[in-house]
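In: Give me coordinates for this.
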Amino acid sequence: MPELPEKTQTIAAPLTIKELNTENPRWCVGCGDFGVLMGFKRFLVEEQILPHETVNVSGIGCSGRVPFYVNTYGVHAIHGRPIAIAMGVALAQPDLKLFIHAGDGDALSIGGNHLIHGIHKNFNCVFILYDNQLYALTKSQSSPTTRKGHPTNTQPQGTALDPIAPIRFALGIGASFVASTADWLPDHMVNTLRVAYAHKGFSFVHVLQRCPHFDPDNFDNKTSAWFSFLTHEKGVPPDKRLADKTEVILHDPSNQEEAFKFANKDRTYFGLFYRNPDKLCYDELIRNRIKEAKPLPRSGILDSYKI
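Out: All right, here's what the predicted structure looks like:
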């Protein structure tokens, strides 16, 4: 077996955060990406998911830097294409633990079509949507999730359209797993990633994150009056620090109809909306078909094209 690159040398358990660290992350002060990155590393350590067994694939934007900041295999893809590359990884190397990192602009704008088909095909991965509700790396442009009326560099008089709601979007396409958390809820985020990782299929994890440089007034992380937790024995427990300060709702994640009701409300909910463990996985289907396929002689293949 060829020697692994220095960055991904085999690390024996127990894994620690120190072994996952690479260079110092370079984001704006207070950026929610710091919280998501630390929560993701905590999750990898708590689950003991080793670096040489892990692949992180990202799109462009601020979250696109994540593969550089985690000591695993990684691919920094092109704009809107991390899902296409990740699906290739899932088909070719099914034993690897696959995580996709994409921003709201990257995933829901130019990458929207890939996201639709990634969810539909339900290949095995954890998809993390970093949603700060604007394009931050390119200095505050309106993204598909920018709230209506919010001024940006591309729409200084206020964003004209109503935003896309990522949870409704994922549920509407038929995602087998849909959950939501936030960068300032570290324990809740780790638990959400843990439940997503345990799911077989495309685990859609929506993460609300702050962008204090370009949108400092969005997401008041100092109060909890504007959001609620969804919880269940088969779901995600509420954040312990805030469970007694906001509404906690018992919600069965197998109930898709109720999941849509919560997704359609104006209030924000964190937790597991929906999970269907029985949905067919495309990557598994393809691998099984390849195993079962009987080789045809060249003449037989050409004969099938005769008119």
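In: Show residues contacting the helix or strand hosting residue 181.
Out: For residue 181, the host element (DSSP states H and E) is strand 177-182. Outside strand 177-182, the residues that touch it by C-beta atoms under 8 Å, 6 or more residues apart in numbering are 167, 170-171, 188-189, 192, 195-196, 199, 201-209, 219, 221, 236, 259, 268-276. For the C-beta atoms, the positions are set from N, CA and C on the backbone; glycine is no exception.
In: so what strands line up beside that strand?
Out: strand 202-208 (parallel), strand 268-275 (antiparallel) (DSSP bridges).
In: ok, then the element right after the shortest one?
Out: Where DSSP H and E defines the elements, the next helix or strand beyond strand 202-208 is strand 227-231.
In: Show me the contact partners of that following strand.
Out: Contacts of strand 227-231 (C-beta under 8 Å, 6+ apart): 188, 236-239, 242-243, 246-251, 253, 262, 267-273.
In: most centrally placed residue in the chain?
Out: residue 128 (1.2 Å; C-alpha atoms, centre = their mean).
In: if we can go back for a sec, buried subset of the contacts of strand 227-231?
Out: 188, 236-239, 242, 246, 248, 251, 253, 262, 269-273 (16 or more other C-beta atoms under 10 Å).
In: Need the max-distance pair from these.
Out: Greatest spatial distance among the buried ones among the contacts of strand 227-231 (C-beta to C-beta): 242 and 253, at 20.2 Å.
In: in the stretch 151-300 of the chain, which ranges drop under the pLDDT threshold?
Out: 300 (pLDDT under 70).
In: The same query, at a cut-off of 90, please.
Out: For the stretch 151-300 of the chain, residues meeting the criterion pLDDT under 90 lie at 151-156, 158-159, 212-225, 243, 290-300.
In: if we can go back for a sec, quick check: phi and psi on the residue nearest to the centre of the chain?
Out: phi -110, psi 120 (degrees, to the nearest 10).
In: That one contacts residue 98, correct?
Out: No - using C-beta atoms under 8 Å, residue 128 makes no contact with residue 98, being 11.4 Å away.
In: picking up where we left off before, can you tell me which of the buried ones among the contacts of strand 227-231 is nearest residue 114?
Out: The closest of the buried ones among the contacts of strand 227-231, once distances to residue 114 are taken by C-beta to C-beta, is residue 273, at 21.7 Å.
In: distance of the closest one from residue 263?
Out: Using C-beta to C-beta, to the nearest Å, we find residue 273 at a distance of 6 Å from residue 263.
In: distance of residue 220 from residue 263?
Out: In terms of C-beta to C-beta, residue 220 sits 21 Å off from residue 263.
In: residues touching residue 184, list them.
Out: So residue 184 contacts 32, 35, 210, 219, 221 (C-beta under 8 Å, 6+ apart).
In: Selecting buried members of those residues in ChimeraX, what would you type?
Out: For the buried members of the contacts of residue 184, the matching ChimeraX selection, counting by 16+ other C-beta under 10 Å, is:
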select :32,35,210,219
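In: JSON lines for the contacts of residue 184, including distance to residue 123?
Out: Formatted as JSON lines, the contacts of residue 184 follow (distance: C-beta to C-beta, whole Å):
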{"residue": "32", "distance to residue 123": "27"}
{"residue": "35", "distance to residue 123": "27"}
{"residue": "210", "distance to residue 123": "31"}
{"residue": "219", "distance to residue 123": "31"}
{"residue": "221", "distance to residue 123": "33"}
